[in-house]
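# Coordinates for the following, if possible.
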Amino acid sequence: GEDEIQQLQKALLDYLDENTETDASLVFSRKFYIAQWFRDTTMETEKAIKSQKDEDSSEGTHHAKDVETTGQIMHRAESRKTFLRSIIKTAPSQFSTLKMNSDTVDYEDACLIVRYLASMRPFAQSFDIYLTQ
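Predicted structure coming up:
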């Protein structure tokens with residue numbers, strides 16, 4: 001679920017942070033991923049809330065269940081944003097000391113993580129639809 005994705009994101013950011021000395025472009029990549037994930041969280045939240053409002057207006061009534069769902073959406077988004085903000089505020093030297101796992105991610109693992117996280121994006125999930133159209 002959500003915790004697994006955050007662990008993968010953190011592992012990827014750990015890898016990028018560890019290898020910034022050998023490749024300076026990884027600093028940009030790290031910042032790009034953080035910004036993209038933050039933007040994705042904001043966009044997903046806006047879409048979910050908009051779909052909630054559309055469902056409410058079509059039904060004509062407002063249910064307590066919908067309020068809980070909206071609250072859950074907002075809570076999940078805030079927890080993601082808090083996670084990303086904590087990473088942004090952490091200095092690179094401190095970031096490497098906050099690792100969740102004692103073992104490090106190598107290049108092949110980082111590539112797999114990037115592929116998996118990319119497959120979770122809306123474009124990758126709807127790629128077959130684009131091809132058939």
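# Confidence-wise, which helix or strand of this structure is lowest on average?
Least confident helix or strand of the chain, by mean pLDDT, DSSP states H and E, is helix 92-95 with a mean of 50.
# And the helix or strand following that helix, what does it pack against?
Counting by DSSP states H and E, the element after helix 92-95 in chain order, helix or strand, is helix 107-119. Helix 107-119 is packed against helix 2-18, with contacts defined by 3 or more C-beta pairs under 8 Å, 6 or more residues apart in numbering; DSSP states H and E. Every C-beta, even on glycine, is put in place using the N, C-alpha and C of the backbone.
# what about the helix it packs on, average pLDDT?
Regarding helix 2-18, the rounded mean pLDDT is 87.
# same check, this time on stretch 25-39
90.
# Next, the buried residues of it.
Going by neighbour count (16 or more other C-beta atoms under 10 Å), the buried part of stretch 25-39 is L26, S29, R30, Y33, I34, W37, F38.
# what sits against M120?
By C-beta atoms under 8 Å, 6 or more residues apart in numbering, the contact list for M120 reads I5.
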